[in-house]
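Colleague: For reference, the sequence and a predicted model appear below.
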Amino acid sequence: MTAVAPSPATAVDRLIHESWGFVADRALQTAAELGIPDLVAQGPTPLAELATATDTRPDALLRQLRPLVAVGALGLDDEGRYLPTETSHLLESDHPDTLRPWFRLMYRVTFRMFDDPMVSLRTGRPAFEERFGNTYFGHLAAHPEDNEVFHAAMASFTRRTARAVATAYDFTDAGTLTDVGGGLGTLVAEVLARTPGATATVFDLPRLAEPARAALAEAGLGDRTDVRSGDFFTAVPGADTLLLSWILHDWDDEQSLRILHNCRAAQDDGQGRLLIVEAVLPERPGDDLATSLDLVMLFGLGGRERTGAEYAGLLDAAGYRHVRTLPLASAPGMHVIEARTR
Ligand SMILES: C[S@@+](CC[C@H](N)C(=O)[O-])C[C@H]1O[C@@H](n2cnc3c(N)ncnc32)[C@H](O)[C@@H]1O
């Protein structure tokens, strides 16, 4: 997000301005964590009211809110009351396209993985594990609140991607679907909403079963979906079409191949379809989603973003034929990589 300061004129001004960019980024994450956008949603709200509701000191909170007003993430009227803006609406808990959980995950976990890049740069291992004393998914298993925020964050980010997938890809002949590592069922919900009569299975770790069932029931899809639990490193439930959305980038090549081999073993020769939904790295560095996510994967999980050619290589090694890589115009940076069982 744009940092706080008047537009810098020279290269040195711009660089100094850039060096403080994290202050506004962190302020936005903190506001999401505190629920400030929910509090101002109804209209002008005095500082004292915000401080009481968030259990913060008014003098300190004033300073935390200032960068948000400076970048237009919050409004401020002449009486010193805070107002909602287009940005703050998108961080309200009840907004249909809310990104609040995504920013809360940034606040609680993602930002902290970037504390010590040297750990990852010198060892190749996730800095997360040094900072949190556990693997990423091990940490989530041990910390229910972070786990809940993580899965809500995935759902909040994936909602837009899922709509783009369901719009850009024709599922009419896709047959039965299983979303492997499907989380709360966000992708399946968008696909089923646009594919009358289709049914799907959401497969994920056992701790996701109950919240996934609840989310799918709330979407009115309880009778068209099945939720199954297990470990995709052991086996996955078969289907005509398997979906892997934001799964392979969490893992290194060896682990990704294990998942892909298990997918391949669950599908028939010749008929099966596999759709990988991921950001795809451009051949030359660019200002794109995959370039940023790649470092999140390095520092957080030991996974990696990949180029189209690297995905095609993994698919080939697992016994799939790469068919095409489809960029998703309405979810910039995200792609559907389609493969068939030969
Ligand atoms: C980055 S999230 C992606 C979630 C969802 N597919 C999406 O696109 O938003 C990775 C998912 O993999 C699941 N997962 C991690 N390890 C797993 C395992 N060993 N077996 C099955 N699911 C696993 C997590 O619980 C999580 O839902």
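Modeller: Nice, thanks for sending it over.
Colleague: Tell me which residues touch the closest residue to Ala51 other than its chain neighbours, please.
Modeller: Of all residues not flanking Ala51 in the chain, Pro58 sits nearest, at 4.1 Å (CB to CB, 6 or more residues apart in numbering). Where you see a C-beta, it was placed from the backbone N, CA and C, and this is true even at glycine. By CB atoms under 8 Å, 6 or more residues apart in numbering, Pro58 lies in contact with Leu47, Ala48, Ala51.
Colleague: pretty sure the second one belongs to a helix, no?
Modeller: This points to Ala48. Yes: secondary structure assignment places Ala48 in a helix (DSSP: H, G, I helix; E, B strand; the rest coil).
Colleague: so which helix or strand takes in Ile337?
Modeller: Assigned by DSSP states H and E, Ile337 falls within strand 334-340.
Colleague: Could you show which parts of the protein are in contact with the ligand?
Modeller: 137, 154, 158, 181-183, 186-187, 204-205, 208, 231-233, 245-247, 250 (CB under 6 Å from any ligand atom).
Colleague: Need the distance between the two termini of stretch 322-342.
Modeller: The first and final residues of stretch 322-342 sit 9 Å from each other (CA to CA, to the nearest Å).
Colleague: I misspoke; the intended subject was stretch 213-228.
Modeller: 10 Å.
Colleague: what pLDDT does the residue lying closest to Ala168 once chain neighbours are set aside get?
Modeller: If the residues on either side of it in the chain are set aside, Ala168 comes closest to Leu328, at 5.6 Å by CB to CB, 6+ apart. We have a pLDDT of 97 for Leu328.
Colleague: Now the phi/psi pair for Leu328, please.
Modeller: Taking degrees, to the nearest 10, you get phi -100, psi 100 for the backbone angles of Leu328.
Colleague: what's the burial count for it?
Modeller: For Leu328, the tally of surrounding residues (other CB atoms under 10 Å) stands at 21.
Colleague: And Val227, by the same measure?
Modeller: Applying other CB under 10 Å, I find that Val227 has 23 neighbouring residues.
Colleague: List the buried residues for the host helix or strand of it?
Modeller: For Val227, the element it lies in under DSSP H and E is strand 225-229. Residues of strand 225-229 classed as buried: Thr225, Asp226, Val227 (neighbour count, 16 or more other CB atoms under 10 Å).
Colleague: What pLDDT is listed against the residue lying closest to Gly181 once chain neighbours are set aside?
Modeller: The shortest distance from Gly181 to any non-neighbouring residue, by CB to CB, 6+ apart, is to Ile247 (4.3 Å). pLDDT, Ile247: 98.
Colleague: let's have the chain start at 15 instead
Modeller: All set: I'll call the first residue 15, so the last point we hit is now Ile261.
Colleague: Quick check: phi and psi at Ile261.
Modeller: The phi/psi pair for Ile261 (degrees, to the nearest 10) is phi -110, psi -60.
Colleague: my guess is it contacts Gly196, does it?
Modeller: No: using CB atoms under 8 Å, Ile261 makes no contact with Gly196, being 9.1 Å away.
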